[in-house]
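Participant: Predicted model, plus sequence, below.
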Amino acid sequence: MKVLYVALHDPTLLDLASGVDHFHYLAMIQNDFDVNWIAPNPKRPLWIEERSARIFQRTGKRFVKYPMSIVWTASQAINKLVKTWKPDVLLTMNMAALTFYHGDVPAVLSRDTTFYGQQQFWPVYGNLAMAINMWQEKLAFRNSARILTNSLWSKKVISTTYGIAPSKIDTFVLPSALPARVIPESVDVTGWKKLDSPFRLLLVGRDTTPPRKGIDIAIEVVHRLNAAGLPAELTICGTQGQADQYIKYVGPFSKSIPEQLDKYVDLYRLAHLLIHPAIFEAAGIVPSEAAAFGTPTITNDAGGLATTVADGESGIVLPTWSKPEVYVKAILDMVKNPGSYYGLCQKARARYEQELNWDITGKWMANIVREVGNTPQKKAQE
């Protein structure tokens with residue numbers, strides 16, 4: 001079966017799009033499809049669209065995610081290649097490429113969240129931009145034979161807000177984006193994560209404007225833990241800031257450079273807990289990466305995080321937008337019960353082995369692609 005992978009960037013490169021584009025593409029190759037790929041988005045929109053974006057920035061809001069020139073060009077590139085290469089199925093994370101897609105080849109769209117869902121937690125677009133974003137997105141959904149998304153929350157939004165039948169939507173937890181070579185065959189949680197040393201918190205993420213990753217919350221948590229009598233330290237990977245006696249900033253690291261990748265995964269191995277107090281997260285890759293090293297995640301029910309992190313299995317999911325004191329209490333309660341903590345570490349690793357890796361997810365995705373390719377499709381299904 002021939003699969004055309006429509007990429008966001010060059011999918012052969014691990015460091016782009018957090019590695020997710022790369023692993024979608026690799027899943028098709030490893031599951032014996034005849035794969036071709038294209039990354040059709042132009043590098044720059046029209047000058048008038050760039051000028052409009054600058055005007056929007058003055059209002060404190062973002063311009064549309066995909067300017068119309070990019071949407072049109074990407075869709076037309078796909079329409080043309082479908083006619084010449086004649087694939088059986090399209091697979092893509094690139095919503096823009098499907099907005100004006102008119103080919104007869106069925107498309108599978110993998111989308112971590114929706115513009116509507118994001119806006120409810122993290123409102124960065126104005127009303128006009130949101131109307132355009134959602135119009136484009138709805139067209140892309142209707143031009144897809146199947147939609148894959150990374151949380152039950154996102155599936156509900158796609159169904160109820162965009163009017164897409166639930167039977168057309170499949171959910172998978174976003175797996176780790178780490179290469180197989182750095183994943184340990186087993187974890188030594190009592191050796192790696194002894195509780196007689198300072199409690200090591202890790203936060204991984206590049207913060208944005210406006211802030212989204214909850215770095216300020218994590219900083220307050222580590223200070224409050226020390227004030228409460230629990231020696232604790234916080235390592236923040238991927239963002240620069242002001243260090244102090246409890247806080248260290250490192251990275252970012254490149255996954256494609258072996259020496260940097262080794263330093264990066266050591267952070268997961270040595271951490272007692274990944275703290276991810278995001279204001280919004282569509283799905284989140286880092287909790288799945290942490291689980292590979294038996295490191296649980298403490299987070300909150302914002303966006304798709306309650307699917308990424310299974311409460312009581314791969315971590316602790318607190319109520320949406322929990323305050324620092326709620327994180328502190330949960331951590332102190334956990335440290336008081338080492339057996340429960342180490343059990344959570346083991347369950348986090350077990351969940352990685354069962355569903356948070358691309359071997360399992362890739363086979364699941366390949367089965368859906370085969371099913372779509374072998375099923376007669378109706379144009380613009382709803």
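Facilitator: Received, thanks.
Participant: OK, contacts around the residue nearest in space to the middle of the chain?
Facilitator: Most central in the chain under C-alpha atoms, centre = their mean is Gly284, positioned 3.9 Å from the mean C-alpha point. Counting by C-beta atoms under 8 Å, 6 or more residues apart in numbering, Gly284 makes contact with 174, 276, 278, 299, 304-305, 308-309. Yep, even glycine has a C-beta here, placed from its N, CA and C like the rest.
Participant: got it, and Trp85?
Facilitator: Contacts of Trp85 (C-beta under 8 Å, 6+ apart): 2, 4, 36.
Participant: Repeat that for Glu50.
Facilitator: Arg44.
Participant: what helix or strand does it sit in?
Facilitator: According to DSSP states H and E, Glu50 maps onto helix 47-58.
Participant: what comes up buried for that helix?
Facilitator: For helix 47-58, burial by neighbour count (16 or more other C-beta atoms under 10 Å) applies to 52, 56.
Participant: Equivalent analysis for stretch 253-271, please.
Facilitator: Quick answer for stretch 253-271 (16+ other C-beta under 10 Å): 253, 255, 261, 264-265, 267-269, 271.
Participant: How far off centre is that stretch?
Facilitator: Centroid separation for stretch 253-271 versus its chain: 19 Å, with C-alpha atoms, centre = their mean, to the nearest Å.
Participant: how much space is there between the residue nearest to Pro231 when sequence neighbours are not counted and Tyr268?
Facilitator: Take Pro231 and drop its neighbours on the chain: the residue closest to it by C-beta to C-beta, 6 or more residues apart in numbering is Pro198, 4.3 Å away. Note on Pro198: its distance to Tyr268, by C-beta to C-beta, to the nearest Å, is 17 Å.
Participant: ok, now which ones touch Ala107?
Facilitator: Ala107 neighbours (C-beta under 8 Å, 6+ apart): 89-92, 98, 101, 143-145.
Participant: Secondary structure for these - can I get that in a markdown table?
Facilitator: Formatted as a markdown table, the contacts of Ala107 follow (DSSP: H, G, I helix; E, B strand; the rest coil):
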| residue | secondary structure |
| --- | --- |
| Val89 | strand |
| Leu90 | strand |
| Leu91 | strand |
| Thr92 | strand |
| Leu98 | helix |
| Tyr101 | coil |
| Asn143 | coil |
| Ser144 | coil |
| Ala145 | coil |
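Participant: Now distance to Ile78, neighbour count and pLDDT too, for these, in TSV please.
Facilitator: Shown next, in TSV, are the contacts of Ala107 (distance: C-beta to C-beta, whole Å; neighbours: other C-beta atoms under 10 Å; pLDDT from 0 to 100):
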residue	distance to Ile78	neighbour count	pLDDT
Val89	13	25	98
Leu90	7	29	98
Leu91	12	29	98
Thr92	8	28	98
Leu98	8	27	97
Tyr101	6	24	97
Asn143	10	23	97
Ser144	12	26	97
Ala145	14	21	97
